[in-house]
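Novice: Provide a 3D model corresponding to the input given below.
(2 chains, ligands or ions: 1)
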Amino acid sequence: MSSLHILDFERPVVELESKIHELRRLSDSEDFNIADEVTKLQAKIDKQLKSAYTNLTAWQKTQIARHPDRPHSQDFINGLIDDFMPLAGDRAYAEDHALVGGIGRFRGQSVIAMGQEKGRDMASRMKHNFGMTRPEGYRKAIRLMEMADRFGLPVLTFVDTAGAYPGVGAEERGQAEAIARSIQTCLNLQVPMISTVIGEGGSGGAIAIAAANHVVMLEHAVYSVISPEGCASILWRDGEYNVDAANALKITAQDLQSLKVIDDIVEEPLGGAHRHPTQTIAALGDTIEKSLISLSGLGKTELKAHRREKFSAMGQEGLVG
Amino acid sequence: MNWLTSYVRPKISALVNRKDMPDNLWQKCGSCSQMIYQKELELNLNVCPHCDHHLRMPITARLEMLFDGGEYQCIELPQPAVDPLKFKDKKKYTDRLKEYQAKTSEKDAIKVAHGKIDGRMVVVAAFNFAFMGGSMGMAVGEGILAAAKLAVVQEAPLVTIPASGGARMQEGILSLMQMPRSIIAVDLVREAGLPYIVILTDPTTGGVTASFAMLGDIALAEPGAIIGFAGARVIKETIREELPEGFQRSEYLWDHGMVDMVVPRKQLKKKLGDLLDLLMSKKPKASVLQLADKSEPAELPPITKA
Ligand SMILES: [Zn+2]
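Specialist: From the prediction side, this is the model:
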């Protein structure tokens, strides 16, 4: 896989991959067998990846979580939701492209699906405001969730944002109120809700659509109250302490599962979701399906009670750590 | 004689006559830069006598100001999990906590008090900005939830008074989880049909604003308070433009439809009492009962068909 975005710890792998590429090119022009050599190189690559990916630091995971080639919300929607119909607008001010959403079928079942979309190239990143939602986006989320509630459709959300957009207009139009109301809407749904942090779970902007019955994280996703950079600059008064801040904040899927903040982790193929998007998307689909089945025994009020019990226990003595 | 002269002044003079008065008898007003005599400032509810600037108010003075006769009871809050992240920056979080506990003689950044306001039982959850900038961690979430449960049991309205820089970073994701948790508290009160009123004070920002603080049935704000989600510095760095005059101040929020009223501190108790009376005593009082006199049923005008 060729990419312009190479993380430091991926460099040895990329070098080996370019060797394979070179061999293939040579074998096209000159007639000799490269199979043995390629197999050897591939084994080396796997070994490299394994060693790099088994001991990732929280900061390295942050970099993977932000990797531009990682599958984004729209990719998960495209891959998992059939007959998807995007729905737009908050009916009050604007359509916020930072939060995409709509209706479709997940493995046969009608659902409402939504998530923050960061965009791919410069043009689409600008269009989607780099996945940083404005109040309109949260109000659209509220509108879609309330509709899901009326029609008994499960809600699936994909979280991938550095945070809610910090702008003058966003503040004037009630960013805080929109987030608060969105969390409140999640908590009161009488349909199953499953949220997955697929990349970056950035603070209030993330929890706005993630107060769900089941919260899932991809293996290398991160979820935090503040970015490691923000935390480092406030508590260490030095942006150089990103690595320490990332460690201290406990932002990895593995840490969050042990803190009982998330319910499930979806393993990513070796080398991360950005190397194998299709497999990753399918794997998450299986987990969501299992989640939906496990929640299918709960009635309307039980689904709400389940969420309420789960989130009101977060911080109680004896239930954490 | 009003409540201010009859109740608050004697309370405050008792306070300032104490022997443990701080040496620092003068404070500089953050707005007009005039020096204010500490005693005068306290008598004036921490409002600058020269320019009416509302300085931050110590939590105990605020509670005394709100409750009838300055009398209230604080409830003991359950002990939440302590530092499950084992957080350490330049300092250990547990050491930081101990420091603030020693400095403020409080366990954490919230106090849950109940007592009478205008003769009516009210539960108040007030933030202590002096405790780690009023940041919201598990203990604060626990406090808000406890306040809501108490309000429901007492069938009393809930009033929250945030004064907070936002989430308690040292509690990582668990501080973020206090956002939904505090909203559950709001919903408990709402489902019980009880009023929930927020008094926004300086500052109310970040995850605190984006949760229980913006969900009041009625939102009051103190003059000039900073209220917002993102910090002004972050916004400035993002948009690379100067921020508008008065941005994120109470009056600016009122202008943009985010709060119901900007209420000067001296009027807070009365406004709060009046609002609660309107919300809780819906029927006219006995003296003006003629409206509902059953002996003379008001005759309905006959329905005329067009
Ligand atoms: Zn002044």
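Novice: residue contacts, the residue nearest the centre of chain A?
Specialist: Centroid-nearest residue in chain A, with Cα atoms, centre = their mean: residue A:198, separated by 1.7 Å. Applying Cβ atoms under 8 Å, 6 or more residues apart in numbering or on different chains to residue A:198 gives the contacts A:70-73, A:76, A:115, A:158-160, A:218, A:221, A:273, A:284. (Glycine included, C-beta is placed from N, CA and C.)
Novice: where exactly do the strands run in chain B?
Specialist: B:26-28, B:35-37, B:73-74, B:110-117, B:120-127, B:158-161, B:196-200, B:204-205, B:218-221, B:227-228, B:261-262 (DSSP state E).
Novice: ok, the residue lying closest to residue A:204 once chain neighbours are set aside - how many residues close by?
Specialist: Ranked by Cβ to Cβ, 6 or more residues apart in numbering or on different chains and with sequence neighbours excluded, the top spatial neighbour of residue A:204 is residue B:210, at 4.6 Å. As a burial measure, residue B:210 scores 34 neighbours (other Cβ atoms under 10 Å in any protein chain shown).
Novice: so who does residue B:210 touch?
Specialist: Counted by Cβ under 8 Å, 6+ apart, residue B:210 has contacts A:164, A:175-177, A:179-180, A:183, A:204, A:208, B:179, B:229.
Novice: among the residues you listed, name the ones in strands.
Specialist: Per DSSP E, these never map to strands.
Novice: CSV for these, including distance to residue B:140 and pLDDT?
Specialist: Converted to CSV, the contacts of residue B:210 look like this (distance: Cβ to Cβ, whole Å; pLDDT from 0 to 100):
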residue, distance to residue B:140, pLDDT
A:164, 21, 97
A:175, 21, 98
A:176, 17, 98
A:177, 20, 98
A:179, 18, 98
A:180, 16, 98
A:183, 16, 98
A:204, 16, 97
A:208, 20, 98
B:179, 11, 98
B:229, 18, 97
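Novice: make JSON lines from the residues you listed and add distance to residue A:235 and neighbour count to it.
Specialist: Formatted as JSON lines, the contacts of residue B:210 follow (distance: Cβ to Cβ, whole Å; neighbours: other Cβ atoms under 10 Å in any protein chain shown):
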{"residue": "A:164", "distance to residue A:235": "21", "neighbour count": "28"}
{"residue": "A:175", "distance to residue A:235": "24", "neighbour count": "29"}
{"residue": "A:176", "distance to residue A:235": "23", "neighbour count": "29"}
{"residue": "A:177", "distance to residue A:235": "28", "neighbour count": "22"}
{"residue": "A:179", "distance to residue A:235": "24", "neighbour count": "29"}
{"residue": "A:180", "distance to residue A:235": "26", "neighbour count": "29"}
{"residue": "A:183", "distance to residue A:235": "26", "neighbour count": "29"}
{"residue": "A:204", "distance to residue A:235": "19", "neighbour count": "30"}
{"residue": "A:208", "distance to residue A:235": "25", "neighbour count": "32"}
{"residue": "B:179", "distance to residue A:235": "20", "neighbour count": "27"}
{"residue": "B:229", "distance to residue A:235": "21", "neighbour count": "32"}
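Novice: just those now: which is nearest residue B:125?
Specialist: residue B:179 (15.2 Å; Cβ to Cβ).
Novice: run through the helices of the chain in chain order.
Specialist: You didn't say which chain, so I picked chain A. Counting by DSSP state H, chain A has these helices, from start to end: A:11-29, A:35-54, A:58-65, A:73-80, A:122-127, A:135-151, A:168-172, A:175-188, A:203-207, A:228-231, A:242-249, A:253-258, A:277-295, A:300-312.
Novice: right idea, wrong chain: chain B
Specialist: Counting by DSSP H, the helices of chain B are B:3, B:9-16, B:38-43, B:59-66, B:93-104, B:138-154, B:172-176, B:178-191, B:206-209, B:232-239, B:250-255, B:265-280.
Novice: and the ion, which of those helices is closest to it?
Specialist: helix B:38-43 (9.9 Å; Cβ to the ion).
Novice: where does the prediction get shaky in the stretch 51-200 of chain A?
Specialist: Within the stretch 51-200 of chain A, no range satisfies pLDDT under 70.
Novice: okay, domains of the chain per the record?
Specialist: Unless you meant another one, I'm taking chain A. Following automatic domain parsing, one finds the domains of chain A at A:3-55, A:62-312.
Novice: wait, I meant chain B there
Specialist: B:27-56, B:57-280.
Novice: compare those domains and give me the one nearest residue A:107.
Specialist: Closest among those, using Cβ to Cβ: domain B:57-280, at 28.0 Å.
Novice: does any part of that closest one sit near the ion?
Specialist: No. Domain B:57-280 does not reach the ion (Cβ under 5 Å from the ion); its nearest approach is 10.6 Å.
Novice: out of the helices of chain B, flag the one nearest residue A:149.
Specialist: Using Cβ to Cβ, the nearest of these to residue A:149 is helix B:178-191, at 14.8 Å.
Novice: pull out the buried positions in the closest one.
Specialist: Using 16 or more other Cβ atoms under 10 Å in any protein chain shown as the test for burial, helix B:178-191 gives B:178-190.
Novice: circling back: and the helices of chain A, which is most packed in?
Specialist: Here the criterion is mean neighbour count by mean count of other Cβ atoms under 10 Å in any protein chain shown, and of those the winner is helix A:203-207, at a mean of 29.
Novice: who are the packing partners of it?
Specialist: strand A:155-161, helix A:175-188, strand A:193-202, helix B:172-176, helix B:178-191, helix B:206-209 (3 or more Cβ pairs under 8 Å, 6 or more residues apart in numbering or on different chains; DSSP states H and E).
Novice: switch the cut-off to 7 Å
Specialist: Under the contact definition 3 or more Cβ pairs under 7 Å, 6 or more residues apart in numbering or on different chains; DSSP states H and E, helix A:203-207 sits against strand A:155-161, helix B:178-191.
Novice: go ahead and confirm residue A:66 touches residue A:201.
Specialist: No. Applying Cβ atoms under 7 Å, one finds residue A:66 not in contact with residue A:201, separated by 11.4 Å.
Novice: among the domains of chain A, which is nearest the ion?
Specialist: domain A:62-312 (26.3 Å).
Novice: gap between the two ends of that closest one?
Specialist: End-to-end span of domain A:62-312 (Cα to Cα, to the nearest Å): 28 Å.
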